[in-house]
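the sequence isn't on hand, but the structure is:
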């Protein structure tokens with residue numbers, strides 16, 4: 001009898017435990033996953049949706065300048081706020097400070113702050129456009145450099161088409177022998193632009209491919225040789241030395257390299273200064289090609305590069321099509337950057 005009572009007690013305990021488990025079981029979602037409800041110590045701890053920044057990222061600087069000067073604030077607060085706006089637009093501390101000095105002087109003579117900002121940016125960037133140094137009757141050599149993902153190969157294709165449309169015969173040297181499918185990508189652009197392509201095996205010496213490109217361009221009577229180079233981090237010394245070797249080989253063969261174009265992503269921010277400085281020190285950048293100009297508040301880095309390194313912007317990529325490359329217009333750029 002005691003054994004029977006013991007068994008009954010055990011069964012009752014198991015039933016109670018099972019009932020508690022059923023009551024505590026959470027409902028399952030459609031996929032069978034258990035649904036849980038987060039708990040918070042108090043209402044203030046509950047997460048809130050992040051504030052949208054689209055309104056500030058899509059508008060031109062002019063909107064923010066008007067708001068700044070329309071607010072009830074002291075002169076010191078306005079000029080400090082303007083300098084901050086420019087720094088956040090990637091103009092850089094030095095460029096921002098110098099622009100504020102000029103705008104302050106203009107406003108003191110009765111000028112509109114927004115109009116003055118456009119004029120001051122145009123003045124910094126120069127009258128332009130800065131033409132490529134390509135002379136009729138002589139084979140011109142253009143090296144194109146930049147970090148990975150900046151749009152370098154695409155820019156070469158567009159530049160080839162631009163020059164071909166001007167009646168120039170173009171040869172491309174596929175000296176990016178490191179990246180997989182780089183040669184095939186450049187070949188596609190060469191076909192679109194009607195350019196002649198000289199390539200090499202993957203892993204081949206980039207300088208040797210550049211030299212072969214020069215010899216082929218000379219034999220075919222090309223007007224321009226454009227040399228693609230492997231994208232590289234500007235902080236990697238051996239890769240920068242390899243790039244310098246490509247230029248030395250071309251200079252030895254041809255006497256000079258007319259243009260070294262740095263392809264710079266307009267969204268790169270202040271890192272663009274470090275890129276431009278490293279490439280300029282290594283291979284003597286003669287001009288910048290600004291890519292990914294698909295937003296009104298992008299490209300302030302151009303002012304910083306111009307101010308700190310004296311390197312002009314020569315070309316701007318405006319889209320993904322083969323014809324979406326144009327000469328850089330300083331006044332037009334200033335209008336777009338400020339007014340959106």
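Yep, that arrived. Note that the structure is a prediction, hence the values are computed from the model and not measured.

find the least confident helix or strand in this protein, judged by mean pLDDT.
Lowest mean confidence among the helices and strands of the chain (mean pLDDT, DSSP states H and E): helix 54-58, at a mean of 38.

helices or strands next to the helix or strand following that helix in the packing?
Following helix 54-58 in sequence order, the next helix or strand is helix 61-70 (DSSP states H and E). Packing partners of helix 61-70 (3 or more CB pairs under 8 Å, 6 or more residues apart in numbering; DSSP states H and E): helix 75-88, helix 113-125, helix 330-339. Quick note: C-beta positions are derived from backbone N, CA and C, even for glycine.

tell me which residues in helix 61-70 are buried?
For helix 61-70, the buried set under the neighbour-count rule, 16 or more other CB atoms under 10 Å, comprises 61, 62, 63, 64, 65, 68, 69.

before we move on, what about stretch 270-281?
Those would be 272, 273, 275, 276, 277, 278, 279, 280, for stretch 270-281 by 16+ other CB under 10 Å.

do stretch 131-138 as well
Neighbour-count burial for stretch 131-138, with 16+ other CB under 10 Å as criterion, is recorded at 132, 134.

now what about it, what contacts it?
Contacts to stretch 131-138, defined as CB atoms under 8 Å, 6 or more residues apart in numbering, come from residues 140, 142, 163, 168, 223, 224, 258, 259, 286, 287, 314, 327.

ok, now with 10 Å
Applying CB atoms under 10 Å, 6 or more residues apart in numbering, the set of residues contacting stretch 131-138 from outside is 140-142, 159, 162-163, 166-168, 223-224, 254-259, 261, 286-287, 314-315, 327.

how far out from the middle of the chain is it?
The offset between the C-alpha centroid of stretch 131-138 and the centroid of the whole chain comes to 28 Å, using CA atoms, centre = their mean, to the nearest Å.

among the helices and strands packed on helix 61-70, which comes closest to residue 94?
Each of those has some distance to residue 94 by CB to CB; the shortest is helix 75-88, at 9.9 Å.

now the closest one against helix 61-70, angle please.
160 degrees (axes from the mean of the first three to the mean of the last three CA atoms, to 10 degrees).

and the helices and strands packed on helix 61-70, which one's lowest on average pLDDT?
Least confident of those, judged by mean pLDDT, is helix 330-339 with a mean of 87.

helices and strands around that helix, which ones?
The contact analysis (3 or more CB pairs under 10 Å, 6 or more residues apart in numbering; DSSP states H and E) places helix 330-339 against helix 61-70, helix 113-125, helix 301-309, strand 313-317.

in the host helix or strand of residue 214, what counts as buried?
Secondary structure here is read from DSSP H and E; on that basis residue 214 sits in helix 206-220. Buried positions in helix 206-220, judged by neighbour count with 16+ other CB under 10 Å: 206, 207, 209, 210, 211, 212, 213, 214, 216, 217.

distance from that helix to the middle of the chain?
Chain-centre distance of helix 206-220: 30 Å, with CA atoms, centre = their mean.

could you do stretch 122-130 as well?
When C-alpha coordinates are averaged (CA atoms, centre = their mean), stretch 122-130 and its chain have centres 21 Å apart.

can you get me the start-to-end distance on it?
Using CA to CA, to the nearest Å, one end of stretch 122-130 lies 13 Å from the other.

circling back to that earlier point, how about the helices and strands packed on helix 330-339, which one is nearest residue 91?
helix 301-309 (4.8 Å).

who does the closest one touch, helix- and strand-wise?
Applying 3+ CB pairs under 10 Å, 6+ apart, one finds that helix 301-309 contacts helix 75-88, helix 93-108, helix 113-125, strand 259-265, helix 271-283, strand 287-291, strand 313-317, helix 330-339.

can you give me the angle the helix or strand following the third one makes with helix 271-283?
Right, helix 113-125. Note on helix 113-125: by DSSP H and E, the next helix or strand toward the C-terminus is strand 140-145. Per the same axes, to 10 degrees, the angle that strand 140-145 makes with helix 271-283 is 130 degrees.

can you list the strands that strand 140-145 pairs with?
Taking DSSP bridges as the criterion, strand 140-145 pairs within the sheet with strand 224-229 (parallel), strand 259-265 (parallel).
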